[in-house]
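**Q** the sequence and its predicted three-dimensional model are supplied below.
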Amino acid sequence: MYKKNDRITVGKYVLLEVYHMMKNTEWGAVAYLSHSKYGINDEIRINNNSNYITGCAAADGTNQSSYPGVFGTAESVTLPYNTKTGYKATTTGNITGVYDMSGGAWEYMAAYSELGKSGLTAAELSTYEKYFDIYPSNSSKSTWNYRILGDAIGEMGPFYYYAVGNGGQVYSNKWYYDLSHFIVSSYPWFGRGGSFDSGVSAGQFNFNNYTGAIYFHVSTRLVLAVK
């Protein structure tokens, strides 16, 4: 997961404990900054590239108001990071922002229910505890009150079923109708952001539950510790 005590110097900065898997609260910090005067202050445009190409954004005029939304690889559907459209898929609305907070691939967080199988030994959990957000063992799909302050989950309510335009419904939060499934014992790991085909349910305030297994459509991201 990370290499403790590794040191890399970048200019005047020293990266300590070089990287770790992103936590829910770290995702929440980036999501909240995106929704402020320091960011795009809006919903982030979905990355709808079906080849999982990072940094892409849905072209203007594509329908992302339902689930699934329009996706593909053609330039009429999705555009790369270094275009005026591509910028709309960042947290700041310009090329220096954080990409892929909406759509692309689901992203595993270092956040799970203590009742579920973490895949780590007790000794590993004890050693790496500060790199996890750990939620109560009796959590269920709608236990928003178990959120950790700042993880951009419980604060997103109220929650309800939202009609997505194709006869279906998605359990969503009030912030942009993003999908909102809290972790449960059989799906104890958090995934964030949504997939390229998630349409209206994707976004920086999207969260879902996963088993922790390896899936081709689920990625993660690393966080650098800077001093």
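**A** Cool, the structure landed. Numbering: from 1, shown residues only.
**Q** ok, His217 - contacts?
**A** In this structure, His217 makes contact with Tyr52, Ala105, Trp106, Ser195, judged by Cβ atoms under 8 Å, 6 or more residues apart in numbering. Using the backbone N, CA and C atoms, a C-beta is placed for each residue, glycine as well.
**Q** next, count neighbours for Ala57.
**A** When neighbours are defined as other Cβ atoms under 10 Å, Ala57 has 28 of them.
**Q** just send the contacts of His217 back as JSON lines, with neighbour count too.
**A** Formatted as JSON lines, these follow (neighbours: other Cβ atoms under 10 Å):
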{"residue": "Tyr52", "neighbour count": "16"}
{"residue": "Ala105", "neighbour count": "21"}
{"residue": "Trp106", "neighbour count": "22"}
{"residue": "Ser195", "neighbour count": "26"}
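**Q** could I get the contacting residues of the residue most central in space within the chain?
**A** The residue lying closest to the centre of the chain (Cα atoms, centre = their mean) is Arg192, at 2.8 Å. Contact analysis of Arg192 by Cβ under 8 Å, 6+ apart lists Asn24, Trp27, Met101, Trp106, Glu107, Met109, Asn206, Phe207, Asn208.
**Q** average pLDDT for the helix ranked longest in the chain?
**A** Taking DSSP state H as the criterion, the chain has its longest helix at helix 24-34. For helix 24-34, mean pLDDT rounds to 96.
**Q** still on that earlier bit, and the residue nearest to the centre of the chain, backbone torsions?
**A** phi -130, psi 160 (degrees, to the nearest 10).
**Q** what's the closest of the contacts of His217 to Tyr135?
**A** Checking these against Tyr135 by Cβ to Cβ gives Trp106 as the nearest, at 18.1 Å.
**Q** helices of the chain, residue ranges please.
**A** Under DSSP H, the chain gives helices at 24-34, 122-128.
**Q** out of those, nearest to Pro158?
**A** The closest of the helices of the chain to Pro158 is helix 24-34. By Cβ to Cβ, the value is 18.2 Å.
**Q** how about the CA coordinates for the closest one, as CSV?
**A** The C-alpha trace of helix 24-34 is given here as CSV (Å, rounded to 0.1, in the frame of the first residue of the first chain):
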residue,chain,number,x,y,z
ASN,A,24,-12.8,8.5,2.3
THR,A,25,-12.1,11.7,4.3
GLU,A,26,-9.4,12.6,1.8
TRP,A,27,-11.7,12.2,-1.1
GLY,A,28,-14.2,14.3,0.8
ALA,A,29,-11.7,17.1,1.3
VAL,A,30,-11.1,17.2,-2.5
ALA,A,31,-14.8,17.0,-3.2
TYR,A,32,-15.7,19.9,-0.9
LEU,A,33,-12.9,22.1,-2.3
SER,A,34,-14.2,21.4,-5.7
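**Q** in it, which residues are buried?
**A** By neighbour count on 16 or more other Cβ atoms under 10 Å, the buried set for helix 24-34 is Asn24, Thr25, Glu26, Trp27, Gly28, Val30, Ala31, Tyr32, Leu33, Ser34.
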